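In: After the sequence you'll find the predicted model.
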Amino acid sequence: VEVLIEMIADSNEEVRRVCTEAFTNPDRIWPGNPFAIEALAKATTHGDWNVREASITALCRVANCNKDTCDPDGILNNPKAIEAVTARLRDAEGIVKKLAIEGLVVLALADGVIDEGDLPIIDTFVESQRDGDPLVSAACSKALAFLS
């Protein structure tokens, strides 16, 4: 996992893509793995927007688990993952914002139902409808409509 985290910041786009995809292999990294979530959450703040993009994608894949698939040490609706992805709604790059919104929808639907565990995500969408960036406000409105 440590090597993948390090390589997700590689300057080569193909290397980043392969590393991101590696996080979806349940034979190597369990969905909900807290170590991977912690490391990927940190990578979402990297200075290179390409790295932030790849790390958000990987983070949402790793954090997307339900009670049957989650790492024994993991937790559903991992607050660290939700916090890291939510913070990217304020990113300077539009593609990173878009991926963050899509990722939050995926995380909200991870267990197949919208319940009180998803309230932080729903609250984020409600608050972000008033965002000064029209891309963010429109996408959050669309996400709320999709989740309702």
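Out: Done, it's in.
In: Output the below-cut-off pLDDT ranges for this protein.
Out: 24-27 (pLDDT under 70).
In: Spatially central residue for it, please.
Out: Taking CA atoms, centre = their mean, the centroid of the chain lies closest to residue 60, which sits 3.3 Å from it.
In: quick one: contacts for that residue?
Out: 81, 85, 102-103, 106-107 (CB atoms under 8 Å, 6 or more residues apart in numbering). Placement of C-beta: from N, CA and C, glycine included.
In: what's the spacing between it and residue 71?
Out: Going from residue 60 to residue 71 by CB to CB, to the nearest Å gives 15 Å.
In: Can you get me a residue count around residue 91?
Out: Burial measure for residue 91: 21 neighbouring residues, criterion other CB atoms under 10 Å.
In: That one and residue 119: what is the separation?
Out: The value you get for residue 91 to residue 119, if CB to CB is used, is 23 Å.
In: Helix or strand: which one has the residue nearest to the centre of the chain?
Out: helix 49-63 (DSSP states H and E).
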